[in-house]
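Trainee: Quick one: sequence and predicted model below, then my questions.
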Amino acid sequence: MKIKSNSNQNNFLLSDLIKSKVYLGLNKSIKDPSIFSYLLGIRYNFCIFDLTKTIKNLKKALKIILKIHNSKKTIFFVGFPDHQKKIFIELLQNKKHVYSFEESWVNGILTNGKDLFLYKNNFLKNLELKKEREKFFFYEKFGGLLNLNKKPDLIVIFDHSKSLDAFNEAFKMQIPVISFVNSDNNPSKIDYIIPGNFTSTKAGKLYYNLIKYSLN
């Protein structure tokens, strides 16, 4: 899907975002005050996102992804839409980017990158000596990081709430971050914010297709 800076493309993307219910945030009772500028208001006690701002931020983030990818630099994806994990992983492996599941995040992946590099290389050198349980643990935690040999140039976080440890490490290492945020998140320190409800199946498919296009 090609995104251009004109009203027709914006209208097309707006339609997709509405169909995917990206406008529908969480209950106002758990709203983070810092998200207010990205909202149109409150309806039936639920936060309603301003999709014109979502579109503006989304297009900016996709351009950053495209620029980093075309420069042959490394993008680190943390988490995926629930129903898009398999195809997302295949895409990233084909494009030689790296990934980690939110639930598999190991503290120190970014801040202790040298130690991770040594551990990873030593484990692979002695792979034949490892027990099956050790291999399973290794590939579950580090299988998506086998091509990570230096500090990544960009972090893309799918669910900000589930990846605060990853975000804090990226912030400490001064790595630019693109993050999808809902109405309960604080976006103040994120470099590139994509505001809206990203949890629906349609939203996940839409974002996968947009990122796939940016990586082609």
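Mentor: That came through fine. Numbering: from 1, shown residues only.

Trainee: only C-alpha atoms for contact and neighbour calcs from this point on.
Mentor: OK.

Trainee: What's the first helix or strand after whatever helix or strand Asn121 lives in?
Mentor: Assigned by DSSP states H and E, Asn121 falls within helix 113-125. Using DSSP H and E, the helix or strand that follows helix 113-125 towards the C-terminus is helix 132-142.

Trainee: For this protein, which helix extends over the most residues?
Mentor: helix 51-70 (DSSP state H).

Trainee: Counting neighbours, which bits of it end up buried?
Mentor: 51, 53-55, 57-62, 64-66, 68-69 (16 or more other Cα atoms under 10 Å).

Trainee: and what of stretch 113-126?
Mentor: By 16+ other Cα under 10 Å, the buried positions in stretch 113-126 come out as 116-117, 120, 123.

Trainee: cool, and stretch 134-142?
Mentor: For stretch 134-142, by 16+ other Cα under 10 Å, it's 135, 141-142.

Trainee: ok, of the residues you listed, which one's closest to Leu154?
Mentor: For the buried residues of stretch 134-142, the residue nearest Leu154 by Cα to Cα is Phe142; the value is 18.2 Å.

Trainee: Kindly state the beta-bridge partners for the closest residue to the closest one other than its chain neighbours.
Mentor: Distances taken as Cα to Cα, 6 or more residues apart in numbering place Ser100 nearest to Phe142, at 7.5 Å, with adjacent residues excluded. Note on Ser100: beta-bridge partners Val78, judged by DSSP bridges.

Trainee: so how far is Leu210 from Ser100?
Mentor: According to Cα to Cα, to the nearest Å, Ser100 stands 20 Å off from Leu210.

Trainee: which of these two has more neighbours?
Mentor: Between Ser100 and Leu210, counted using other Cα atoms under 10 Å, the more crowded position is Ser100 (23 against 16).

Trainee: the helices in this structure, which residues?
Mentor: 7-19, 51-70, 85-95, 113-125, 132-142, 164-172, 201-214.

Trainee: would you turn those helices into CSV with distance to Ser29 and mean pLDDT?
Mentor: CSV is the format used below for these (distance: least, Cα to Cα, whole Å; pLDDT from 0 to 100):
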stretch, distance to Ser29, mean pLDDT
helix 7-19, 23, 89
helix 51-70, 21, 97
helix 85-95, 31, 95
helix 113-125, 39, 92
helix 132-142, 35, 93
helix 164-172, 21, 96
helix 201-214, 23, 95
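
Trainee: any chance of the ones you listed in a markdown table, plus distance to Lys189?
Mentor: Formatted as a markdown table, these follow (distance: least, Cα to Cα, whole Å):
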| stretch | distance to Lys189 |
| --- | --- |
| helix 7-19 | 25 |
| helix 51-70 | 15 |
| helix 85-95 | 26 |
| helix 113-125 | 22 |
| helix 132-142 | 27 |
| helix 164-172 | 8 |
| helix 201-214 | 22 |
